[in-house]
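Novice: Sequence and predicted structure below; questions after.
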Amino acid sequence: MKYNMLTFIENAGVDKHQKRLWKMRCDCGNEKIVSANYVKCGKVKSCGCLRKQGNGRKHGKRHHPLYSTWCNLKARCFNKNHPAYKNYGGRGITVCSEWVNSFEQFLKDVGEKPTKQSTLDRIDNNGNYSPENVRWADRVTQRRNSRATREVTIGNQTKLITDWCDIFAISIASVHRRLNKGESVVSALTRSKAERFR
């Protein structure tokens, strides 16, 4: 269940007035225990980050489809409690000063989604979120641009890992699991599933 920027995680007992409490996760990545009634009636819309950002009244676009995208990319870079922080802020990835406090400028620079399937992609995967380093891309393009993608030579052919995955009909997740267990890249890509049980 989702209410405004808050997503239900679990019941968290009751308060001193015996009113139900919910544990919620905000779009910014923070978790907070709040009154279920306040959430359902819209009195509480976020963990408090909206209030810190002026409650969205300046630009009046809190309900814009890209508003949660803006909140989430900032959370990945600045909120150490966010599940993806280690892959973003933990690696030094940040958000340009023009976007940090201005959803309006973010929207002006990136524009509307060209298609429903489009996702915001950093061109340089080690670079920051900034106008010159983001683009709208389909999921295939974004996957090929991921940090995990690299070139591998098998025989006399050199291809991206994602291309080899397509050729050997194996998922990139399976390859990563094998690499994490210490297998070579070639073995991780080419070893058949049957061999896992020998």
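Specialist: Perfect, I can see it now.
Novice: how far out from the middle of the chain is stretch 22-36?
Specialist: In terms of C-alpha atoms, centre = their mean, to the nearest Å, the centre of stretch 22-36 is found 18 Å from the chain centre.
Novice: So which bits of that stretch are buried?
Specialist: Buried positions in stretch 22-36, judged by neighbour count with 16 or more other C-beta atoms under 10 Å: 22, 24-30, 32, 34-36. In this view, the C-beta of every residue, glycine as well, is placed from N, C-alpha and C.
Novice: give me the low-pLDDT residue ranges for this structure?
Specialist: By pLDDT under 70, the low-scoring segments of the chain are 50-62, 139-150, 193-198.
Novice: now with 50?
Specialist: 54-59, 147, 194, 196-198 (pLDDT under 50).
Novice: Longest strand in it, please.
Specialist: strand 6-14 (DSSP state E).
Novice: element containing Arg25, please.
Specialist: Assigned by DSSP states H and E, Arg25 belongs to strand 20-26.
Novice: Run through the neighbouring helices and strands of that strand.
Specialist: strand 6-14, strand 31-35, helix 36-41 (3 or more C-beta pairs under 8 Å, 6 or more residues apart in numbering; DSSP states H and E).
Novice: Contacts for the top helix by length along the chain next, please.
Specialist: Longest helix in the chain by number of residues, with DSSP state H as the criterion: helix 67-78. Here helix 67-78 makes contact (C-beta atoms under 8 Å, 6 or more residues apart in numbering) with 5, 27-30, 49, 56, 61, 82, 84-85, 87-89, 93-95, 99-100, 103, 106-107, 120, 129.
Novice: relative to strand 20-26, how tilted is that helix?
Specialist: On the basis of axes from the mean of the first three to the mean of the last three C-alpha atoms, to 10 degrees, helix 67-78 is oriented at 80 degrees to strand 20-26.
Novice: And the helix or strand just after helix 67-78, what does it pack against?
Specialist: Once helix 67-78 ends, the next helix or strand along the chain (criterion: DSSP H and E) is helix 97-100. If you count contacts as 3+ C-beta pairs under 8 Å, 6+ apart, helix 97-100 packs onto helix 67-78, helix 103-110.
Novice: re the thing from before, what's the closest of the helices and strands packed on strand 20-26 to Ile167?
Specialist: Among the helices and strands packed on strand 20-26, strand 6-14 comes nearest to Ile167, with 38.4 Å by C-beta to C-beta.
Novice: Neighbouring strands of that closest one in the sheet, and parallel or not?
Specialist: strand 2-3 (antiparallel), strand 20-26 (antiparallel) (DSSP bridges).
Novice: Thanks a lot, see you next time.
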